[in-house]
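>>> this is a predicted model, with the sequence first.
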Amino acid sequence: MCAATTGRATTRLSDRASWTNWGRNQVCAPVEIRRPTTEAELVDLVKQAAANGQRVKAVGAGHSFTSIACTDGVMVDLGGYGRVLEHDVAAGRVTVEGGIQLHRLSDELDARGLALENMGDIDQQSVAGATQTATHGTGLRYRNLSAQIVGLRLVTGDGSVLACTESENANVLDAARVGLGALGLVSTVTLQCVPAFRLHAVEEPVPVEEVLADLDELVSANDHYEFYWVPHTRWALTKRNQRTDEPAEPRPRAREWIDDMALNNYGFGVLCRVGRWRPSLIPRLAKIIPNTGRLDYVDRSDRVFTSPRRVRFWEMEYGIPREALPEALNRVRRLVDEMGMQISFPVEVRVVAPDDIPLSTAHGRETGYIAVHVYRGTPYDAYFTGVERIMDSYGGRPHWGKLHFQRAETLAPRYPRWDDFQRVRARLDPEGRFANPYLDRVLGPPGGQGSG
Ligand SMILES: Cc1cc2nc3c(=O)[nH]c(=O)nc-3n(C[C@H](O)[C@H](O)[C@H](O)COP(=O)(O)OP(=O)(O)OC[C@H]3O[C@@H](n4cnc5c(N)ncnc54)[C@H](O)[C@@H]3O)c2cc1C
């Protein structure tokens, strides 16, 4: 699997460091970037920052599109803090340091006959960063990655370490599984895994009207179902992944390269660049995408769930009640037609099982996700606000790591356990050591209930 470029520290601006995310749409100037490799160093740096009156922000792989990981205080880059600490194969549990990237975690798990139950569409994120924003894949019977956490260790606002399990500090564990980085530095994570498995993947274009008419059956009959509607066309690119005992029969390397690099990435990148130069060509160019043909293969689960992303884009994604998906997508389709905007990126649709995590976007309901994207550098305000208005009408919850325009006042009523989260935050970080302007906007200032 090729590595995507992650968030990175760049040249110094005056006496400060400069950091930018994967999407290159968020830049910040931390007073310092620290790269701890032990939990003791995490504790020390929080205590030092507290003594200096500075804020602290952890960063994983910088794959959030929002400014959630930005800080003008001390940035904690956990890239060098990613070992596997313990494993219990019989129980299917592993404990890892928070900075481990999902592709390394998948290799480590596979070597022990284990796997993550479900994954999103890339494997570059750190386990702490991915779970702090409720990163998810697709599958009506499978929950998001955060719901696989059964224990963690948290360095809180005063530098103390809180061990959280299902029986010890259980209410903190409950909230910290999707903590937005607001509750402390996640030092280690214990994950409930499953025995390693393979997936049989079938990918093919299908008319979008057919997909929408059969959506209930498609998401029920397939372990992991998703599709991308291609704007300006009547096509959906569908992906059906079924768990299987069949032997691995991966895509031939050459075909894999053509699909992932030439079509999904570089060829697609050319389409986006041409589209930005001459937007009126987009509808004609878009018709090329569904001609990618049918793919049928069997491979290790993480290799089927994830693929490289070479073309940088900006994204907004909303979780809404699953039953509303067809109607909501049709409204997005009408919006694209009515706005007369030329959209070069497909609209992604996925489903996830409900969970009980206070700030999970899938809290308490079977959730359907609709994600809209633009090629990096394309103005998105009109498109994203239009889609956001549609999602608002379903009580939509924005992905914490993807672009949106909500505030604490508009978000609080969409999360039945909002106050539970705020109570834990007020207790663990009363001074807002881990706050930043994004968290002030979406959670409210530290120490309060955050909804106005
Ligand atoms: C190309 C691409 C594809 C994506 N695909 C998907 C997808 O399929 N499904 C999906 O749901 N999302 C997807 N995302 C979004 C992504 O999974 C989330 O934004 C995720 O949070 C990024 O993880 P990260 O390690 O880069 O974290 P960052 O973006 O670096 O940080 C995210 C948050 O986690 C906090 N954090 C990080 N480490 C720690 C720590 N140790 N302790 C406390 N807080 C911490 C940060 O402070 C910040 O608040 C995608 C993003 C990109 C760019």
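All right, it came through fine.

>>> wait, what's in contact with the residue most central in space within the chain?
What sits nearest the mean C-alpha location of the chain, by CA atoms, centre = their mean, is Thr135, with 3.6 Å. Thr135 makes contact with Gly120, Gln125, Asn144, Leu145, Ser146, Gly401 under the criterion CB atoms under 8 Å, 6 or more residues apart in numbering. From N, CA and C alone the C-beta is placed, and that goes for glycine too.

>>> my read is it is in a helix, agree?
No: with DSSP: H, G, I helix; E, B strand; the rest coil as the criterion, Thr135 is assigned coil and is not in a helix.

>>> and it, backbone torsions?
phi -60, psi 140 (degrees, to the nearest 10).

>>> what's the pLDDT at it?
According to the prediction, Thr135 has pLDDT 98.

>>> can you start the count at 14 instead of 1 from here on
All set: I'll call the first residue 14, so the last point we hit is now Thr148.

>>> any idea which element the nearest residue to Lys60 once chain neighbours are set aside lies in?
Closest residue in space to Lys60, ignoring its immediate chain neighbours: Gly172 at 3.8 Å, by CB to CB, 6 or more residues apart in numbering. For Gly172, there is no enclosing helix or strand under DSSP states H and E.

>>> wait, what's in contact with Ile81?
Applying CB under 8 Å, 6+ apart, the residues near Ile81 are Thr146, Leu193, Gly194, Trp413, Gly414, Asn449, Tyr451, Leu452.

>>> can you tell me the SS state at it?
Ile81, by the three-state scheme (three-state DSSP), is helix.

>>> ranges for the strands of the stretch 64-213 of the chain?
For the stretch 64-213 of the chain, applying DSSP state E, counting those that start in this stretch gives strands covering 69-72, 87-90, 97-101, 106-110, 127-128, 162-168, 174-178, 198-205, 207-208, 211-220.

>>> how close does the nearest residue to Gln419 once chain neighbours are set aside get to Glu330?
Excluding the flanking residues, the one nearest Gln419 by CB to CB, 6+ apart is Pro411, at 5.7 Å. According to CB to CB, to the nearest Å, Pro411 stands 7 Å off from Glu330.

>>> quick one: stretch 240-252 near the ligand?
No: using CB under 6 Å from any ligand atom, stretch 240-252 stays clear of the ligand, coming no nearer than 11.9 Å.

>>> same question for that stretch, mean pLDDT?
91.

>>> quick one: closest of the strands of the stretch 64-213 of the chain to Glu361.
strand 211-220 (13.5 Å; CB to CB).

>>> residues from the stretch 164-313 of the chain in reach of the ligand?
Leu193, Gly194, Leu198, Val199.

>>> how about a cut-off of 8 Å?
Leu167, Gly192, Leu193, Gly194, Ala195, Leu196, Gly197, Leu198, Val199, Ser200 (CB under 8 Å from any ligand atom).

>>> what about the spatially closest residue to the last one that is not a sequence neighbour, how many neighbours?
Using CB to CB, 6+ apart and skipping residues adjacent in sequence, the residue nearest Ser200 is Arg166, 4.3 Å away. The number of residues packed around Arg166, counting by other CB atoms under 10 Å, is 24.

>>> what pairs with Arg166 across the strands?
Beta-bridge pairing for Arg166 (DSSP bridges): Ala176, Thr201.

>>> ok, it - contacts?
Arg166 neighbours (CB under 8 Å, 6+ apart): Glu52, Val174, Leu175, Ala176, Cys177, Val199, Ser200, Thr201.

>>> ok, the fifth one touching Val185?
Yes: applying CB atoms under 8 Å, one finds Cys177 in contact with Val185, separated by 4.8 Å.

>>> what's the overlap in contacts for these two?
Leu167.

>>> for the residue nearest to Glu179 when sequence neighbours are not counted, what are its contacts?
Leaving aside its sequence neighbours, Glu179 sits nearest to Val163 (CB to CB, 6+ apart; 6.1 Å). Going by CB under 8 Å, 6+ apart, Val163 touches Arg106, Thr178, Glu179, Leu186, Thr203, Leu204, Gln205.

>>> count of residues packed around the first one?
Summarising burial for Arg106: neighbours were counted as other CB under 10 Å, giving 17.

>>> just the third one next, same as before
Look at Glu179: counted by other CB under 10 Å, it has 11 neighbours.

>>> try the fourth one
Taking other CB under 10 Å as the criterion, the count of residues near Leu186 is 23.

>>> wait, it touches Ile162, no?
Yes: contact criterion CB under 8 Å: Leu186 and Ile162 qualify, at 7.4 Å.
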